[in-house]
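J.: A structural model of the following input is requested.
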Amino acid sequence: MREIRDSVRVSVKTHYLPDQSSPSEKKFVFAYTITLRNEGDENAQLISRRWKITDANNDVQEVAGIGVVGEQPTLAPGEEYTYTSGSVLETETGTMEGAYQMRTDSGEDFDILIPAFALVPPHRLH
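T.: Numbers count the residues shown, from 1 in each chain. The predicted model follows:
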């Protein structure tokens with residue numbers, strides 16, 4: 001039997017936004033697009049999120065709140081939900097990691113961990 005916390009798959013794509021960034025003002029803007037896919041056998045609702053955002057100076061921002069982009073989507077088995085949000089760093093590179101708190105229709109709460117992913121402008125990739 002599969003663990004419930006393995007029932008939602010998360011994928012992440014990041015994009016540097018040079019038109020909104022201002023390196024001379026230490027402002028580096030990134031968008032990230034997250035897709036959640038319910039691979040379990042019951043509905044799962046996204047209740048809240050927690051993010052740890054770390055820049056290249058090891059300065060950390062902690063962000064937590066209800067839902068994502070103003071929504072608390074419920075995913076039926078096999079269903080996907082995609083949203084885009086953003087983050088602003090004071091350095092050109094950084095990382096994000098976090099978790100979503102989810103709830104099944106039967107009232108069981110579980111966390112989906114989001115492993116660290118990089119925020120890096122294309123010109124910094126090797």
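J.: could you use CA atoms for every contact and neighbour count after this?
T.: Fine.
J.: how much space between the most centrally placed residue in the chain and residue 8?
T.: With distances taken as CA atoms, centre = their mean, the residue of the chain nearest its centroid is residue 34 (5.8 Å). Applying CA to CA, to the nearest Å, the value for residue 34 to residue 8 is 12 Å.
J.: residue 88: neighbour count?
T.: 19 (other CA atoms under 10 Å).
J.: one more: residue 65?
T.: 13.
J.: ok, now the one 3 residues further on?
T.: Around residue 68 sit 17 other residues, with neighbours defined as other CA under 10 Å.
J.: so it sits against residue 49, correct?
T.: Yes - with contacts counted by CA atoms under 8 Å, residue 68 reaches residue 49, the gap being 7.1 Å.
J.: show me the shaky parts of the protein.
T.: For the chain, applying pLDDT under 70 flags the ranges 1-5, 126.
J.: 50 - rerun?
T.: Applying pLDDT under 50 to the chain flags residues 1-2.
J.: may I have the helix or strand harbouring residue 99 as CSV, with CA atoms only?
T.: Element membership for residue 99, per DSSP states H and E: strand 94-104. Output of strand 94-104 as CSV, limited to C-alpha atoms (Å, rounded to 0.1, in the frame of the first residue of the first chain):
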residue,chain,number,x,y,z
GLY,A,94,19.1,31.3,-4.7
THR,A,95,17.0,28.3,-3.8
MET,A,96,13.5,27.5,-2.7
GLU,A,97,12.1,24.6,-0.8
GLY,A,98,8.9,24.0,1.1
ALA,A,99,5.8,21.9,1.7
TYR,A,100,2.1,21.9,1.0
GLN,A,101,-0.4,20.8,3.6
MET,A,102,-3.0,18.7,1.9
ARG,A,103,-6.3,17.2,3.2
THR,A,104,-8.2,14.2,1.9
